[in-house]
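Trainee: Give me coordinates for this.
(2 chains)
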Amino acid sequence: MKQLSATDRSQLAGEYVLGTLRGPARVRFERLVEDDPHLWQEVAFWERRLGPLGEALPEQAPPSRVWAAIEAQIGPQRAPARQPTGFWQSMQFWRGFSLVATGLAAALLVLVLLPPADTDFRPIQVATLQNEADGTAWIVRVAADGTAEIAAIDAPTAPPGRDYELWLLRGTDQAPVSLGLASNAQTQRIALPATFADGTGFAISVEPAGGSRTGAPTGPVLFVGGLVGTRTN
Amino acid sequence: MVTDDPIGPFLEAAAKGDYGAFAEIYRLTSSKLFALSMSILRRNDWAEEALQETYTRIWRSAHRYDSEKGAGMGWIVTIARNAALSKLMRRPKDEFAGNESDMLQLPSGDPTPMEAAMRSSDARQLMTCLSELDEEQKQSILLIYYQGLTQREVADHLRRPVGTVKSWVRRGLLRLRDCLDRETA
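Mentor: Numbers count the residues shown, from 1 in each chain, chains lettered A, B, ... in the order given. Down below sits the predicted model:
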């Protein structure tokens, strides 16, 4: 492909940025770009030059649950890996205080938007369990009394002979704790273990029917979400 | 007045882990990118998912942004369109949203509403150069850009052979490139 002319390069890059290259052709082109700085320059040219089109539509504010979901998804990554609780005392936390407050407002909105199955249930924290391909599958809400509600939002069916298992995530140096099987059809209410004090989020893995026999996730971890919200104690 | 790259400095800060800068990017751009996702996907739930994926990608790959190679907004818009387009490719064929009438409205090529929103010099140059294209070239390019249509779908929509549409797009892009080079020089 080294013999691409300047015109070919510009046209291919233009079609890529415009979006006419689809499927395998798009993937092939992305690989070509990585090895060809000239092609990369052409892509940058079109990104910059067509960019204003993307700004030209009348603005439309997204619902605040989108930001809450983004925070839930990337939240654990910005916390220091070894000391989950240290995050709350860190400089970054104070510098981003207004932002965290905005995130909290958004999280609270999620809490309000999703009426609990049990009206006595008063959530103070929420985690949106998702991945890039399937989006949001489960939402876990945690109440001040140490119970949690696991609601399937758009959860796929488990593969035949397999079950989904819910895990409590703690710091990267601490093992996840099993919270039992997760239903993709019903909203469940569970009591959280004492280890929840270190909890930073939740994950769902695919396990043999009945759950992991080792006490640790053995199948692929499909959905992950960080906790958003504050604990009262 | 809009500067040419209000987003770039925030992207560079986000690349260093500054979460506040990332939140500012969201505040400044999410309404524009949501409009763009909606124009391509036309379903609130899909557009919300695409937007979420867009910002997750921005946060994770901000370190790959290179201010030498272009404005931050252009880089972000590409990520948003890629997220919307890949969602569009995954959806079942029979779930194609929208109908003939609203397909015709949005990318009419009428510069008036666009001009109001395009105040930067890049935007002005693009408008000038788009206006120099043949109507079919411009319409095909805008249909693809704003609605995520394939060239075949544009051909069906305009009731013309797909080869004709491909040639409109190809020639339109080359003319656009020539004109933009001229305008910049």
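
Trainee: what's A:G199 sitting at in phi/psi?
Mentor: Recorded main-chain torsions at A:G199 are phi -70, psi 140, according to degrees, to the nearest 10.

Trainee: The helix or strand harbouring B:M127: which residues count as buried?
Mentor: Under DSSP states H and E, the secondary-structure element containing B:M127 is helix B:121-131. Buried residues in helix B:121-131, counted by 16 or more other C-beta atoms under 10 Å in any protein chain shown: B:122-123, B:125-127, B:129-130. Yep, even glycine has a C-beta here, placed from its N, CA and C like the rest.

Trainee: I'd like the next helix or strand past that helix.
Mentor: Per DSSP H and E, the first helix or strand lying C-terminal to helix B:121-131 is helix B:135-147.

Trainee: Heading C-terminal from that next one, find the next helix or strand.
Mentor: Towards the C-terminus, the helix or strand next in line after helix B:135-147, according to DSSP H and E, is helix B:151-158.

Trainee: now for that next one, which elements pack on it?
Mentor: With contacts defined as 3 or more C-beta pairs under 8 Å, 6 or more residues apart in numbering or on different chains; DSSP states H and E, the secondary structure elements packing on helix B:151-158 are helix B:135-147, helix B:162-184.

Trainee: Give me whichever of the ones you listed is most buried.
Mentor: Each of these was scored by mean neighbour count; the highest is helix B:135-147, a mean of 22, by mean count of other C-beta atoms under 10 Å in any protein chain shown.

Trainee: And that one, how far out from the chain middle?
Mentor: Put simply, helix B:135-147 sits 11 Å off its chain's centre (C-alpha atoms, centre = their mean, to the nearest Å).

Trainee: Kindly report the same for stretch A:209-218.
Mentor: In this view, stretch A:209-218 has its centroid 23 Å away from the chain centroid, taken as C-alpha atoms, centre = their mean.

Trainee: May I see the buried residues of it?
Mentor: Across stretch A:209-218, burial judged by 16+ other C-beta under 10 Å covers A:211-212, A:217.

Trainee: What is the burial count for A:V224?
Mentor: The local packing count at A:V224 equals 20, with neighbours defined by other C-beta atoms under 10 Å in any protein chain shown.

Trainee: among the helices and strands of chain B, which one scores worst on average pLDDT?
Mentor: Each helix and strand of chain B was given a mean pLDDT (mean pLDDT, DSSP states H and E); the minimum falls on helix B:100-105 at a mean of 37.

Trainee: now chain A
Mentor: Quick look at chain A via mean pLDDT, DSSP H and E: least confident is helix A:91-95, a mean of 33.

Trainee: still on that earlier bit, the buried residues of helix B:121-131: which ones sit near chain A?
Mentor: Contacts with chain A within the buried residues of helix B:121-131, as defined by C-beta under 8 Å from any C-beta of the partner chain: B:122-123, B:125-126.

Trainee: Farthest-apart pair in those residues, please.
Mentor: Between all members of those, the longest pairwise span (C-beta to C-beta) is found for B:A123 and B:Q125 and amounts to 7.3 Å.

Trainee: Skipping adjacent residues, who's closest to the residue nearest the centre of chain A in space?
Mentor: Residue closest to the mean C-alpha point of chain A, counted by C-alpha atoms, centre = their mean, is A:Q73 at 3.1 Å. Nearest residue to A:Q73, sequence neighbours excluded (C-beta to C-beta, 6 or more residues apart in numbering or on different chains): B:T56, at 5.5 Å.
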